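[1] what follows is a predicted protein model with its sequence.
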Amino acid sequence: MRQLKKDLWPCQVTIITKDEDTETSIFSWVSEKFGQFKGKWNVLHRYDHVDFYFRNSKDALMFSLRWGEYTKK
C-alpha cells in the first residue's frame, strides 16, 4: 500500500463515500480553498476510502469541520 512521507504530509483525514458527486464536490472545495494539488494538500485513493493529506494542521481541521460527516469514525 502506498504511503506518503509523514514529514511532508503530517496531517491525514480519511473520507468514506461511494458517491461520485460528493467526491467531486470535495475535490472542488479543496482546490478552491487550498490551491493546487500537491501544494498544500495531497490525496490517495484507496479501495473503500480516500485519504486526504495536508501540510498544515489548520487546513486539515478546516477540511474535517467541513466534510466531517464523511470522515472515518
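    On my side now, so go ahead.
[2] show me what the longest helix belonging to the chain is packed up against.
    As assigned by DSSP state H, the longest helix anywhere in the chain is helix 20-34. For helix 20-34, the elements it packs on are strand 41-45, strand 50-54, helix 57-67, judged by 3 or more CB pairs under 8 Å, 6 or more residues apart in numbering; DSSP states H and E. C-beta here means a position set from N, CA and C on the backbone, and glycine is covered the same way.
[3] and the ones you listed as a markdown table, adding distance to Trp9, mean pLDDT and mean neighbour count?
    As requested, the helices and strands packed on helix 20-34 are arranged in a markdown table below (distance: least, CB to CB, whole Å; pLDDT from 0 to 100; neighbours: other CB atoms under 10 Å):
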| stretch | distance to Trp9 | mean pLDDT | mean neighbour count |
| --- | --- | --- | --- |
| strand 41-45 | 6 | 95 | 16 |
| strand 50-54 | 4 | 95 | 20 |
| helix 57-67 | 10 | 97 | 15 |
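[4] let's have these in CSV, adding distance to Val13.
    Below are the helices and strands packed on helix 20-34 laid out as CSV (distance: least, CB to CB, whole Å):
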stretch, distance to Val13
strand 41-45, 10
strand 50-54, 5
helix 57-67, 5
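[5] so which of these comes closest to Lys6?
    With CB to CB as the criterion, Lys6 lies closest to strand 50-54 of the helices and strands packed on helix 20-34, at 9.3 Å.
[6] what does the closest one contact?
    Residues from elsewhere that reach strand 50-54 (CB atoms under 8 Å, 6 or more residues apart in numbering): 4, 9-17, 23, 26, 30, 34, 40-44, 60, 63.
[7] which of those are buried?
    Using 16 or more other CB atoms under 10 Å as the burial test, the contacts of strand 50-54 include 9, 11, 13, 15, 17, 26, 30, 34, 41-44, 60, 63 as buried.
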